[in-house]
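Student: what would the 3D arrangement of this be:
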Amino acid sequence: MYMTKMITLLALISALLTTGGANAQVIVITPPVRPPVTRTRRPPHRNQPPFVPTINVSVGYGFPNLDRNYLPDFYGISRGNSSQSGVITGSVNYQFSRKMSLGVMVAHGAVTAPYYAYYSASPSPDFTGRLEAWSFMINLVRYIPISATVTPYIRTAIGFNSWQQEYTDPTGNKMAVATPDLPDLARQFAHGVRFRLSQRAGLFVEAGYGRYILNSGLSVKF
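Tutor: The predicted structure follows:
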């Protein structure tokens, strides 16, 4: 009897183990597959030729001559349209790096305007005023090289003015008028572009404020 129960119990355990093994699921966990790493190849570095310092000389003509803003007004007198001569500019700069040069800039110009008395019936002016100025400035130019033929730049120039003013009647005699105080400080700020024509020569065009608004001319390297 006891042996019969043991045999029956062993048979049940064997059946359960067989059924469980048949129904069991094997779960295999695999590590995630990483995508292949692609490396971007940098373009080869272009070796620039060694920089050689140069002396840059430029001559230009600026327009309009902003010295006309300093022509004075007088009580009981009307001022006519002004005429100008210049501004003629010249600069000599030492370019000591690819992006900067330092030197001097000189500018010269004159403005003239007729003055009429309010109640005068004559078409001729009662007198004429003339302002002439020389400007001597330290000139700093910062270049923005973008290609071998086109170079934008920023000009900052500051210095002093040397003025000469006179007021003359129609016969050329000097008029006794109260002359205004003219500014001693000279300055010119501009953004420009230099276009290379050859290995040493080029043209430049710039716009700014100070002695002129627009300026263009010729530049030469030595």
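
Student: by mean pLDDT, flag the weakest helix or strand of this protein.
Tutor: One helix or strand of the chain scores below all others by mean pLDDT, DSSP states H and E: helix 2-23, with a mean of 54.

Student: count of neighbours near the spatially closest residue to L182 that is not a sequence neighbour?
Tutor: When the adjacent residues along the chain are set aside, L182 lies closest to W163, with 4.7 Å between them (Cβ to Cβ, 6 or more residues apart in numbering). C-beta coordinates here come from the backbone N, C-alpha and C atoms, glycine included. The criterion is other Cβ atoms under 10 Å. On that basis, W163 has 17 neighbouring residues.

Student: check which helix or strand covers W163.
Tutor: Using DSSP states H and E, W163 maps to strand 150-168.

Student: just checking, what packs against the next helix or strand after that strand?
Tutor: Using DSSP H and E, the helix or strand that follows strand 150-168 towards the C-terminus is strand 185-196. For strand 185-196, the contact count by 3 or more Cβ pairs under 8 Å, 6 or more residues apart in numbering; DSSP states H and E identifies strand 100-117, strand 127-143, strand 150-168, strand 201-209, strand 214-221 as packing neighbours.

Student: mean pLDDT added to those, as a markdown table?
Tutor: Output for the helices and strands packed on strand 185-196, formatted as a markdown table (pLDDT from 0 to 100):
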| stretch | mean pLDDT |
| --- | --- |
| strand 100-117 | 95 |
| strand 127-143 | 96 |
| strand 150-168 | 95 |
| strand 201-209 | 96 |
| strand 214-221 | 96 |
